[in-house]
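Visitor: got a structure for you, letters missing:
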């Protein structure tokens with residue numbers, strides 16, 4: 001069994017949750033089967049991580065020459081990659097697609113698989129967001145029509161052609177059913193946590209982060225994520241107006257430009273004194289982020305649309321209680337003993353959850369310990385890799401049965417791998 005894992009991404013955003021998840025799962029899976037990874041990148045290079053060969057493949061874009069004048073939103077859908085050529089020229093039994101944006105590039109990968117008669121599977125990174133992209137971004141009629149052409153339709157075509165869907169949690173069965181995906185095609189392969197976040201930061205790293213980001217004595221409320229509004233950073237900032245007592249809020253992540261930050265603060269209407277308690281870190285290293293998780297008292301992530309965000313699992317691994325929302329697979333990860341989940345977009349509910357937890361330090365500590373134990377028990381890449389290999393074998397067996405004809409396929413009795421989740 002020879003597997004090609006692929007990560008569809010554009011070079012304007014090379015580092016993201018789906019990219020990290022696809023890479024980390026591939027590294028762990030390469031210990032079990034013959035697997036290599038191809039990633040859309042800004043240059044051609046090959047490296048090795050553990051037993052995993054990683055091919056960075058330079059993207060092309062017909063609008064590169066006009067990049068200073070063409071909006072990012074127009075350029076992103078047009079990025080293309082050399083992954084289809086690798087599929088055409090390789091000897092792979094199965095292709096695993098991580099992430100589906102840019103969707104045109106992802107669809108070309110799916111089409112290359114079909115031409116070669118190679119089954120492909122998709123992990124559900126971003127499915128929750130892509131399924132209602134226009135709505136969660138508040139687009140009007142014209143932008144929504146463009147999203148339908150550039151995202152929604154190719155996304156649905158790719159999903160329809162997949163031999164298997166690797167759901168990040170069992171909470172996605174209903175969402176996948178709305179795309180016409182039956183349970184026989186679903187295999188639950190959760191995200192994991194990089195072992196780095198299960199190790200404590202050094203005292204030097206903690207001191208450096210405290211000094212660099214001007215972190216006070218606390219309590220510290222931490223938001224970390226890509227700073228798109230649908231990730232809930234605006235809800236987080238607005239919720240601060242009703243948070244009682246002294247506190248400091250830290251927003252970790254990188255804005256595209258300074259105007260985004262100014263717009264968010266203006267919309268939040270915090271006032272000068274409250275706004276001065278908010279720290280914007282910009283981009284952070286892994287060491288800085290781990291230190292921030294350990295300096296914080298609460299991780300607050302009121303996302304409007306997510307599947308199973310790595311930042312939530314990382315915060316839990318570092319012993320942080322979580323305030324988040326009931327979207328995607330977050331309830332699968334954050335049980336009531338590890339955090340508080342509220343409806344998406346409910347600013348008041350976020351404030352109330354934060355106030356309740358800030359008022360009860362012993363409850364916070366108990367939740368943080370439970371959160372960490374939950375990660376250690378369930379969200380390890382080694383366990384996810386085992387489930388992925390089971391899924392690959394099930395898909396390949398089903399594919400072989402289908403080529404033998406209907407009589408042979410009726411002899412298959414095993415159920416979907418989704419029954420082994422947890």
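Guide: Good, I have the coordinates. Everything quoted here is computed from the prediction, not taken from an experiment.
Visitor: Against residue 214, how distant is residue 291?
Guide: Between residue 291 and residue 214 the distance, using Cβ to Cβ, to the nearest Å, works out to 13 Å. For the C-beta atoms, the positions are set from N, CA and C on the backbone; glycine is no exception.
Visitor: between those two, who's got more neighbours?
Guide: Neighbour tally, residue 291 and residue 214, criterion other Cβ atoms under 10 Å: the higher count belongs to residue 291, 26 against 10.
Visitor: Would you agree that one falls within a helix?
Guide: Yes. Remark: residue 291 belongs to a helix, assigned using DSSP: H, G, I helix; E, B strand; the rest coil.
Visitor: which ones are touching it?
Guide: With contacts taken as Cβ atoms under 8 Å, 6 or more residues apart in numbering, residue 291 has the following neighbours: 201, 205, 206, 208, 209, 210.
Visitor: Export those to a markdown table and append columns for secondary structure, neighbour count and distance to residue 225.
Guide: Converted to a markdown table, these look like this (DSSP: H, G, I helix; E, B strand; the rest coil; neighbours: other Cβ atoms under 10 Å; distance: Cβ to Cβ, whole Å):
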| residue | secondary structure | neighbour count | distance to residue 225 |
| --- | --- | --- | --- |
| 201 | coil | 22 | 20 |
| 205 | helix | 16 | 21 |
| 206 | helix | 17 | 22 |
| 208 | helix | 15 | 22 |
| 209 | helix | 24 | 18 |
| 210 | helix | 16 | 21 |
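Visitor: any idea how far residue 57 is from residue 85?
Guide: Distance check for residue 57 against residue 85: by Cβ to Cβ, it reads 9 Å.
Visitor: who's more crowded, those two?
Guide: residue 57 (21 against 11).
Visitor: three-state assignment of that one?
Guide: With three-state DSSP as the basis, the three-state label of residue 57 is strand.
Visitor: Do I have it right that it meets residue 82?
Guide: Yes. The pair residue 57 and residue 82 qualifies as a contact (Cβ atoms under 8 Å) at a distance of 4.5 Å.
Visitor: Next up, identify which helix or strand the closest residue to residue 242 other than its chain neighbours is on.
Guide: With Cβ to Cβ, 6 or more residues apart in numbering as the criterion, residue 242 has its nearest non-adjacent residue at 3.7 Å, and that residue is residue 351. For residue 351, the enclosing helix or strand under DSSP states H and E is helix 347-358.
Visitor: list the buried ones in that helix?
Guide: Residues 347, 349, 350, 351, 352, 353, 354, 357, 358 are the ones in helix 347-358 that count as buried (16 or more other Cβ atoms under 10 Å).
Visitor: ok so, going back, just curious, which of the contacts of residue 291 is nearest to residue 222?
Guide: Using Cβ to Cβ, residue 209 is the member of the contacts of residue 291 that lies nearest residue 222, at 11.3 Å.
Visitor: how close does that closest one get to residue 293?
Guide: Look at residue 209 and residue 293: by Cβ to Cβ, they are 10 Å apart.
Visitor: ditto for residue 219
Guide: Residue 219 sits at a distance of 14 Å from residue 293 (criterion: Cβ to Cβ).
Visitor: so residue 123 bridges to which residues?
Guide: On the basis of DSSP bridges, residue 123 is bridged to residue 166.
Visitor: ok, it touching residue 166?
Guide: Yes. Between residue 123 and residue 166 there is a contact under Cβ under 8 Å: 4.4 Å.
Visitor: Pull up the overlap in contacts between the two.
Guide: If you check residue 123 and residue 166 against Cβ under 8 Å, 6+ apart, the residues they both contact are 96, 189.
Visitor: can you count the residues close to residue 327?
Guide: The burial count assigned to residue 327 is 23, neighbours taken as other Cβ under 10 Å.
Visitor: mind listing what the closest residue to it other than its chain neighbours touches?
Guide: Once its chain neighbours are removed from consideration, residue 327 has its nearest residue in residue 344; the separation is 5.3 Å (Cβ to Cβ, 6+ apart). The neighbourhood of residue 344, defined by Cβ under 8 Å, 6+ apart, consists of 232, 302, 303, 304, 305, 325, 326, 327.
Visitor: Check residue 366 too.
Guide: Applying Cβ under 8 Å, 6+ apart to residue 366 gives the contacts residue 337.
Visitor: all helices of the stretch 201-350 of the chain, in order?
Guide: 203-212, 233-239, 258-268, 271-275, 286-295, 310-317, 330-333, 347-358 (DSSP state H, counting those that start in this stretch).
Visitor: And these: which comes nearest residue 25?
Guide: The minimum distance between residue 25 and the helices of the stretch 201-350 of the chain falls on helix 310-317, with 11.2 Å, by Cβ to Cβ.
Visitor: Now do that closest one: which elements does it pack against?
Guide: Using 3 or more Cβ pairs under 8 Å, 6 or more residues apart in numbering; DSSP states H and E as the contact test, the elements touching helix 310-317 are helix 17-29, strand 220-224, helix 286-295, strand 298-301, strand 322-325, helix 330-333, helix 361-378.
Visitor: Need the per-residue pLDDT for the residue nearest to residue 293 when sequence neighbours are not counted.
Guide: Counting by Cβ to Cβ, 6+ apart, residue 318 is the residue found nearest to residue 293 once chain neighbours are left out, at 3.7 Å. Reading off the confidence values, residue 318 has pLDDT 98.
Visitor: Residue 318 is in contact with residue 295, isn't it?
Guide: No. With contact defined as Cβ under 8 Å, residue 318 does not count as touching residue 295 (9.8 Å).
Visitor: So what does the residue nearest to residue 39 when sequence neighbours are not counted look like in phi/psi?
Guide: Using Cβ to Cβ, 6+ apart and skipping the chain neighbours, the partner closest in space to residue 39 is residue 7 (4.4 Å). Main-chain dihedrals, residue 7, degrees, to the nearest 10: phi -120, psi 120.
Visitor: any idea how far residue 7 lies from residue 58?
Guide: Taken as Cβ to Cβ, the spacing of residue 7 relative to residue 58 amounts to 14 Å.
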